[in-house]
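Asks: This is a predicted model, with the sequence first.
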Amino acid sequence: MTTIPEEPQRARLDEWPAEVGDRMARQQLAGGWLRALPTPGVQILGAVASRGRAVTRAELGRVLPVEPVDGDRWSAPCWYGVPEDTEQAATLDRYAAAYDRGPVRTCTDLLDLLAAAQVLWVQDDMIGPVSPVPAVDEVFPVSNAERAEIASLKAMATRLG
């Protein structure tokens, strides 16, 4: 059985100054999110951090780098079908299973997983970040290799300030 790491307290942000958004972006980089998520997921986290306030689902949907399906970007696939996606999708599906979620195939699935893991908060039509931004290994059951890679990213971020 896969267990989810114990979660420290995080604050739900509704509004925040630009410097907090900058700090969240650095935490996203150091936390391994670029390596863990498909491009739309990285865009979701970055767009939420940069806004300075909670956003609506429609506002956030406009920045998704996908082609709409029946006029809806949230229904679009979050994977581009390149060979690298296969392994990354399997890893993200493993993470989703830890939260009793199905495979992550659409942008809606991706947002649902980020909310389940409390990386973002979603309430009705509003979406916002939490602070501090958790690292991948703080919310998902990762392998030892993944944990080592994230530790390396955190160390590099600490050295860079």
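Replies: Structure received. Numbers count the residues shown, from 1 in each chain.
Asks: which residues in this structure form helices?
Replies: For the chain, helices defined by DSSP state H occupy the ranges 18-30, 33-36, 39-51, 57-61, 83-97, 107-116, 136-139, 144-160.
Asks: Same list, those helices, but as JSON lines with distance to residue 76, mean neighbour count and mean pLDDT please.
Replies: Quick note: C-beta positions are derived from backbone N, CA and C, even for glycine. Formatted as JSON lines, the helices of the chain follow (distance: least, Cβ to Cβ, whole Å; neighbours: other Cβ atoms under 10 Å; pLDDT from 0 to 100):
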{"stretch": "helix 18-30", "distance to residue 76": "22", "mean neighbour count": "16", "mean pLDDT": "88"}
{"stretch": "helix 33-36", "distance to residue 76": "20", "mean neighbour count": "19", "mean pLDDT": "89"}
{"stretch": "helix 39-51", "distance to residue 76": "8", "mean neighbour count": "20", "mean pLDDT": "93"}
{"stretch": "helix 57-61", "distance to residue 76": "9", "mean neighbour count": "17", "mean pLDDT": "95"}
{"stretch": "helix 83-97", "distance to residue 76": "14", "mean neighbour count": "15", "mean pLDDT": "89"}
{"stretch": "helix 107-116", "distance to residue 76": "6", "mean neighbour count": "21", "mean pLDDT": "97"}
{"stretch": "helix 136-139", "distance to residue 76": "23", "mean neighbour count": "22", "mean pLDDT": "94"}
{"stretch": "helix 144-160", "distance to residue 76": "27", "mean neighbour count": "13", "mean pLDDT": "83"}
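Asks: Can you check which of these gets nearest to residue 128?
Replies: Set against residue 128 and scored by Cβ to Cβ, these come closest in helix 39-51, at 6.5 Å.
Asks: which other residues reach the closest one?
Replies: Contact partners of helix 39-51, identified using Cβ atoms under 8 Å, 6 or more residues apart in numbering, comprise 21, 24-25, 28, 33-34, 37, 55, 59-60, 63-66, 76, 78, 80, 107, 110-111, 114, 119-120, 127-129, 133.
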